[in-house]
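Q: fold the stuff below for me.
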Amino acid sequence: MKRKNRQRSARRGRGIYILPNIFTSLNILFGFYALICSIDGKFIPAAIAIILAGLFDELDGKIARATHTTSNFGIQYDSLADLVSFGVAPGVMVYLWALRPLGRIGWLAAFLFTVCGALRLARFNTQAGGVSDNTYFTGMPIPAAAGIVSTTLLFYHRLNRGGDPSALLLLVLTYLLSFLMVSNIRYFSFKNLELFKKMNFNGLVMVILVLVFIVAQPSIALFLAGLVYLVHGPILTIRHMKKIKRQKEMEARHSDT
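A: Prediction:
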């Protein structure tokens, strides 16, 4: 009887790891669907699929940490999924949507976005074991870069239905995001935010208001959120550098005295 109970417990222990990996698989599913939509010229569904892939990418990590089911397999699987959904899919989408008229320059920019995303993931995986502070990322995370490309597409179609996108503007944005992913600019990480944590009443009201705004004007709200996230990284880095500079000046004064 005890042996059967141990076997059942072992099966449950193995089975619970399925849950975060299912969410990672849904991440790949929507990333692959975004590729299919881009090839078919359906760019709005492709952008929405990439955003949904980002949602499942965020959830798989939260669920794994909440259920204590993190594993090396899950980490590697998540990175491969991110490369498909947030590296290849947005690269192909932005090329077919806006950069194709630029010819070689266009597809090289899309390739650069993809390879910088791969480098960003590789650097994160090699540094993750030695980094104790999960509050900030070094460089823009690849899901955020893919999300900005997607929300830009949705925002453009919201304001300029039927018009051709500005290839040069999207080229600059693609190069900028590629640089930010491999840079040392600090970006806030949402890993420490708890989904299952209590919040006060005012916080709940703010969350509801934000959700209402997103539902009412999703393309505008998500574009503004992506823009704020893009800009806050350099601002955060400049403030951090100034703080370090002041600390060094104070240490120098103390050493002189």
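Q: any low-confidence regions in the stretch 101-250 of the chain?
A: By pLDDT under 70, the weakly predicted segments of the stretch 101-250 of the chain are 128-133, 161-163, 191-199.
Q: could you rerun that using 90?
A: 124-138, 158-166, 188-218, 236-250 (pLDDT under 90).
Q: run through the helices of it in chain order.
A: Under the criterion DSSP state H, counting those that start in this stretch, the stretch 101-250 of the chain contains helices at 104-128, 142-159, 167-182, 201-216, 218-256.
Q: residue 30 is nearest to which of the ones you listed?
A: Evaluated with Cβ to Cβ, the helices of the stretch 101-250 of the chain place helix 142-159 nearest to residue 30, the distance being 11.1 Å. C-beta: built from backbone N, CA, C; applies to glycine.
Q: quick one: list the elements packing against that closest one.
A: helix 43-66, helix 72-83, helix 89-94, helix 104-128, helix 167-182, helix 218-256 (3 or more Cβ pairs under 8 Å, 6 or more residues apart in numbering; DSSP states H and E).
Q: pull out the buried residues from that helix.
A: By 16 or more other Cβ atoms under 10 Å, the buried positions in helix 142-159 come out as 142-157.
Q: what's the closest of those to residue 250?
A: residue 144 (34.1 Å).
Q: just want the most central residue of the chain.
A: residue 143 (2.0 Å; Cα atoms, centre = their mean).
Q: relative to residue 235, how far out is that one?
A: Residue 143 is 20 Å from residue 235, where distance means Cβ to Cβ, to the nearest Å.
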